[in-house]
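Trainee: quick one, what's the 3D model for this:
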Amino acid sequence: MKQQTLAMAADQGSGFEQHRKPTRRDEFLKTMEAIVPWTALCEVIEPHYPKAGNGRPPIGLERMLRIHFIQHWFDLADLACEEALYDSASLRRFVGIDLGREPVPDATTLLKFRRLLNDNKLGEALFARVRQELQDRGFKVNTGTIVDATIIGAPSSTKNADKTRDPEMRQTRKGKQWYFGMKLHIGADSQSGLAHSAVVTAANVHDKHPLPDLLHGNETRVYGDSAYASQKALIEGKAPNAKDFTNQRTRRGGIVDEAVRAKNRNKSRIRSRVEHVFGVVKRLWGFGKVRYRGLAKNATRAFTALALANLYLGRQRLMAQVRP
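Mentor: Down below sits the predicted model:
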C-alpha cells in the first residue's frame, strides 16, 4: 500500500471535512464500482492495449476504462472530462488518482483510448461481454423479445469547415416532424427489459430491415410497435417458433377497430419495457444527439452506452448479489 499524500487524504475527507454528506453522485459511483465487472471488461480490451516498452509506460487499463465510463455517465467530452477530474474529488476517488503523486490523463490520452475502442470495434465486444456476465449472474435471455428503434439526432447545419452535413447520416419523418441523424435498433428481453442485441443504421432505414438481427432465434413471442406490423415472414425466418405479438394498425378505411386497439393496449404493457433502456441511454447518459461524425464512432458509443444501461437497470439485483 502506498502512503497517502495530503491531496489523497483531503479527497477522502480524512479529518478535513467533518460535515461532508455523500451526494447522489457519490452513491451512484459507489454502486457502479461494485457492479461493473471490471476484470472481465479489461480482458476484452487488453489484447489491443499498448504494452510497456522503451517509451513512456501506458496508463493502467482499468483506470482508462473507468475514465471512459465517466465520460458516458456524465456526457463529458475529452477536455471536459479532464477538467471534471481535476475539479471533483469523488471522480478522482472512483478513478484512483492522487494529485499529490500524478496528474490527470490529458484530453489527448482520452481521445487515443476512444480511438482504440473504435478501431477494434470494442464497443460491441464490451456490450457482448456485459451480456454474458449478466447471464452468468442469473439474468437469463427468455423466449420473448421486444424490438424497437429510436432516432439519435445529428447536426443538420452546414456551418462547418466542409460546408456539408455528415454524409453517413440521413433524414426521416416521424409523424409530421422531420429528423436528421441515425437510428439505434435494439432487441430487449420481454421479462427483464435488458437489451440483448443492437444495430446502428442511418435514420432513413426502416425499422423492419434490422429485425432479423435483433432476434436470438429461440423466441416464442416477438413484441414491437406498429412499424413492425405485417413482418411475419421476417420473424419466422429467424425465429420459426415465434408468434407475432407486434402491434397492428387499428384504422382501416377511416374506421377504428376497437378490438385490435384493445389488443394493442395489452401488448404495449409488455412492449413499453424497452423504453426504459432508451430512457437511460438518451436521458441519463445524454446520448440524445451524436457527438461524432460517421456511424462507426457513434456505434461504438451506442454499444458501450447499452452495456452500461443494462448494468444500471439491473443494479438492485446485482447489488443484492454483492452484499454479504
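Trainee: dump the lengthiest strand in the chain to CSV, restricted to CA.
Mentor: Longest among the strand segments of the chain by residue count, using DSSP state E, is strand 177-189. Taking Å, rounded to 0.1, in the frame of the first residue of the first chain, the C-alpha atoms of strand 177-189 are listed here in CSV:
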residue,chain,number,x,y,z
GLN,A,177,-41.8,16.1,-37.9
TRP,A,178,-38.5,15.6,-39.8
TYR,A,179,-35.4,14.3,-38.1
PHE,A,180,-31.8,14.1,-39.3
GLY,A,181,-29.3,11.6,-37.8
MET,A,182,-29.1,7.8,-37.1
LYS,A,183,-31.2,5.1,-35.6
LEU,A,184,-30.4,2.8,-32.7
HIS,A,185,-32.4,-0.5,-33.1
ILE,A,186,-32.4,-2.9,-30.1
GLY,A,187,-33.9,-6.2,-29.1
ALA,A,188,-34.7,-6.4,-25.4
ASP,A,189,-35.8,-9.3,-23.2
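Trainee: that one pairs with which strands?
Mentor: According to DSSP bridges, strand 177-189 has the following sheet partners: strand 144-153 (antiparallel), strand 170-174 (antiparallel), strand 195-202 (antiparallel).
Trainee: so where is the stretch 51-200 of the chain shaky, pLDDT-wise?
Mentor: 54 (pLDDT under 70).
Trainee: ok, back up a step: need the strands paired with strand 177-189 in CSV with mean neighbour count and distance to Gln316, can you?
Mentor: From N, CA and C alone the C-beta is placed, and that goes for glycine too. Formatted as CSV, the strands paired with strand 177-189 follow (neighbours: other CB atoms under 10 Å; distance: least, CB to CB, whole Å):
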stretch, mean neighbour count, distance to Gln316
strand 144-153, 22, 21
strand 170-174, 14, 33
strand 195-202, 22, 18
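Trainee: indicate which one of these is closest to Ala259.
Mentor: strand 144-153 (22.6 Å; CB to CB).
Trainee: rewinding a little: quick one: closest of the strands paired with strand 177-189 to Arg269.
Mentor: Closest among the strands paired with strand 177-189, using CB to CB: strand 144-153, at 11.3 Å.
Trainee: just the CA atoms of the closest one, as PDB, please.
Mentor: Backbone C-alpha positions of strand 144-153 (Å, rounded to 0.1, in the frame of the first residue of the first chain) are rendered in PDB as follows:
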ATOM      1  CA  GLY A 144     -39.800 -13.200 -25.600                       C
ATOM      2  CA  THR A 145     -38.100 -10.300 -27.400                       C
ATOM      3  CA  ILE A 146     -39.200  -6.700 -27.700                       C
ATOM      4  CA  VAL A 147     -37.900  -4.800 -30.800                       C
ATOM      5  CA  ASP A 148     -37.800  -1.100 -31.100                       C
ATOM      6  CA  ALA A 149     -35.800   1.800 -32.600                       C
ATOM      7  CA  THR A 150     -35.000   5.300 -31.600                       C
ATOM      8  CA  ILE A 151     -33.600   8.300 -33.500                       C
ATOM      9  CA  ILE A 152     -30.400   9.800 -32.400                       C
ATOM     10  CA  GLY A 153     -30.200  13.400 -33.800                       C
END
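Trainee: hey, where'd the helices end up in the stretch 201-324 of the chain?
Mentor: With helices called from DSSP state H, counting those that start in this stretch, the stretch 201-324 of the chain shows them at 232-238, 258-271, 274-278, 295-313, 315-322.
Trainee: please identify the most buried of these.
Mentor: Neighbour counts (mean count of other CB atoms under 10 Å) averaged over each of the helices of the stretch 201-324 of the chain peak at helix 295-313, with a mean of 23.
Trainee: that older thread, okay, buried residues for the longest strand of the chain please.
Mentor: Using 16 or more other CB atoms under 10 Å as the test for burial, strand 177-189 gives 179-189.
Trainee: turn the helices of the stretch 201-324 of the chain into JSON lines, including mean pLDDT and distance to Ser157.
Mentor: Below are the helices of the stretch 201-324 of the chain laid out as JSON lines (pLDDT from 0 to 100; distance: least, CB to CB, whole Å):
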{"stretch": "helix 232-238", "mean pLDDT": "94", "distance to Ser157": "36"}
{"stretch": "helix 258-271", "mean pLDDT": "93", "distance to Ser157": "35"}
{"stretch": "helix 274-278", "mean pLDDT": "96", "distance to Ser157": "25"}
{"stretch": "helix 295-313", "mean pLDDT": "97", "distance to Ser157": "17"}
{"stretch": "helix 315-322", "mean pLDDT": "93", "distance to Ser157": "38"}
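Trainee: now those helices in CSV, with distance to Trp73?
Mentor: Putting these into CSV (distance: least, CB to CB, whole Å) gives the following:
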stretch, distance to Trp73
helix 232-238, 34
helix 258-271, 27
helix 274-278, 15
helix 295-313, 7
helix 315-322, 13
